[in-house]
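In: task: produce atomic coordinates for the following.
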Amino acid sequence: MTTLKEILSVLQFSDLTLLNEQGDLERVVEMVDITETPDIKNFTTPHSLIVTTGMSYQDDQSGLISLISELNDIQVAGLGIKLSRFLKKLDDEVIAFANKLKFPIIEIPESWNLGSITHHISSFILDEETEKLHFALDIQQELNAMLMQGLSLNMMIERLSRLIKVPVMLLNSFHQVESASHHFHQHSEHVQKNLNYFRRF
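Out: Next up, the predicted model:
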């Protein structure tokens with residue numbers, strides 16, 4: 001899953017700016033929609049990034065507050081607004097309301113047209129998901145190879161940890177540790193504390 005934070009961290013999109021400090025950039029983006037109509041909530045899907053020039057709100061930005069509320073209710077990832085021809089600056093009330101919901105508002109600079117930004121972000125999302133799928137398949141093949149080689153469970157867990165570059169722990173259905181990578185060997189008390197948390201559920 002691709003997040004707004006990942007998109008904004010790419011050099012290609014470095015000129016896109018988060019306008020409200022409390023906007024949640026961990027929201028997942030699955031697609032990009034262009035709209036100039038206020039009723040986009042009826043035609044989009046959750047986890048979309050909506051991009052617009054804000055043409056419908058050039059004379060009264062209060063409508064943006066209603067739009068943000070509706071989009072947030074259906075779990076839209078965020079709103080990208082091109083601040084140039086129709087809207088030069090967002091009202092403080094709009095920013096404050098978006099911050100209250102932690103709803104991200106992204107400024108799209110004049111150098112981008114909406115069709116182009118939609119195409120490039122969509123391509124980035126597709127490439128990211130394809131890359132993650134290939135990575136998952138590579139890991140699966142590696143695990144299959146380790147099984148065929150007859151490696152012990154401990155060796156498999158250690159190798160998996162090095163492959164994905166994170167600590168790995170295997171628990172059984174009773175939340176008991178079956179195996180763990182070397183990261184946990186010197187922190188048994190911390191591990192036990194975390195296991196006790198899971199056992200509450």
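
In: helix or strand next in line after the longest helix anywhere in the chain, which one?
Out: Identified as the longest helix of the chain according to DSSP state H is helix 114-149. Next in sequence after helix 114-149, counting helices and strands by DSSP states H and E, comes helix 153-164.

In: for that following helix, buried residues please.
Out: M156, I157, E158, R159, L160, S161 (16 or more other Cβ atoms under 10 Å). The way it works is simple: take the backbone N, C-alpha and C, and place the C-beta from them, glycine included.

In: count the residues that sit near the nearest residue to the fifth one once chain neighbours are set aside.
Out: To tie it back to what came earlier, the one meant is L160. Among residues not flanking L160 along the chain, V168 sits closest, at 5.3 Å (Cβ to Cβ, 6 or more residues apart in numbering). Number of residues near V168 (other Cβ atoms under 10 Å) recorded here: 19.

In: correct me, but V168 touches R159?
Out: No. Counting by Cβ atoms under 8 Å, V168 stays clear of R159, with 9.4 Å between them.

In: how much space between the residue sitting furthest away from the middle of the chain and Q140?
Out: Distance from the C-alpha centroid of the chain peaks at G150, with 37.8 Å (Cα atoms, centre = their mean). Distance check for G150 against Q140: by Cβ to Cβ, to the nearest Å, it reads 18 Å.

In: ok, and the closest residue to L25 other than its chain neighbours, which helix or strand is that part of?
Out: Nearest non-adjacent residue to L25, counting by Cβ to Cβ, 6+ apart: K5, 3.9 Å away. Per DSSP H and E: K5 is located in helix 4-8.

In: helix or strand right after that helix?
Out: That would be, after helix 4-8 and using DSSP H and E, strand 17-18.

In: output the contacting helices and strands for the helix holding K5.
Out: Here helix 4-8 touches helix 114-149, going by 3 or more Cβ pairs under 8 Å, 6 or more residues apart in numbering; DSSP states H and E.

In: list the buried residues of the helix it packs on.
Out: Those would be L114, I117, T118, H120, I121, F124, I125, E128, M146, for helix 114-149 by 16+ other Cβ under 10 Å.

In: and this protein, what are its domain boundaries?
Out: When the chain is parsed with automatic domain parsing, its domains come out as 2-125, 151-198.

In: now do the same end-to-end measure for the first one.
Out: What that stands for is domain 2-125. With Cα to Cα, to the nearest Å as the measure, the ends of domain 2-125 fall 6 Å from one another.

In: off-centre distance for that domain?
Out: 14 Å (Cα atoms, centre = their mean, to the nearest Å).

In: cool, the shortest one as well?
Out: In terms of Cα atoms, centre = their mean, the centre of domain 151-198 is found 27 Å from the chain centre.

In: now that domain: average pLDDT?
Out: Average pLDDT, domain 151-198: 77.

In: the first one now?
Out: Mean pLDDT, domain 2-125: 94.
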